[in-house]
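Trainee: This is a predicted model, with the sequence first.
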Amino acid sequence: MANIKSQKKRILTNAKRAERNKAVKSELKTRVKNAATEPADPEALRLAVKRLDMAAAKGVIHKNQAARRKSRLMRKLNDAG
């Protein structure tokens, strides 16, 4: 455990951010999975793309990773239907 007061604060804030990031990443997986399994549902696709963009904007995932995931999702849906 840290002895410096500012480092103790950083540990707490890092834990909060990690928890928030974990929730966002979990929702991303759910949205992408729903969009992939329901190719006829444009709303599921729109939500998945929106969440990927929001996660990239917030810095939870890298913008190139968001672009790659969207590309793979679109390619999967185009191949299926």
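Mentor: Looks like it came in fine.

Trainee: Number of residues surrounding residue 34?
Mentor: Other residues lying near residue 34 total 15 when counted by other CB atoms under 10 Å. In this view, the C-beta of every residue, glycine as well, is placed from N, C-alpha and C.

Trainee: Check residue 76 and give its pLDDT.
Mentor: We have a pLDDT of 92 for residue 76.

Trainee: so it sits right up against residue 38, yeah?
Mentor: No - using CB atoms under 8 Å, residue 76 is not in contact with residue 38, being 11.9 Å away.

Trainee: show me where this structure has helices.
Mentor: Along the chain, counting by DSSP state H, helices occupy 5-37, 42-58, 63-80.

Trainee: among these, which is the most enclosed?
Mentor: Burial of the helices of the chain is given as mean neighbour count (mean count of other CB atoms under 10 Å); helix 42-58 ranks first at a mean of 16.

Trainee: Pull the residues that contact that helix.
Mentor: Helix 42-58 is contacted by residues 24-25, 27-28, 31-32, 34-35, 38, 61-63, 65-67, 69-70, 73, 77 when judged by CB atoms under 8 Å, 6 or more residues apart in numbering.

Trainee: Quickly note the distance from residue 78 to residue 14.
Mentor: Applying CB to CB, to the nearest Å, the value for residue 78 to residue 14 is 40 Å.

Trainee: do the same with residue 75
Mentor: Residue 75 is 36 Å from residue 14, by CB to CB.

Trainee: for residue 41, same thing?
Mentor: Using CB to CB, residue 41 is found at 37 Å from residue 14.

Trainee: where does the protein have low pLDDT?
Mentor: Within the chain, no range satisfies pLDDT under 70.
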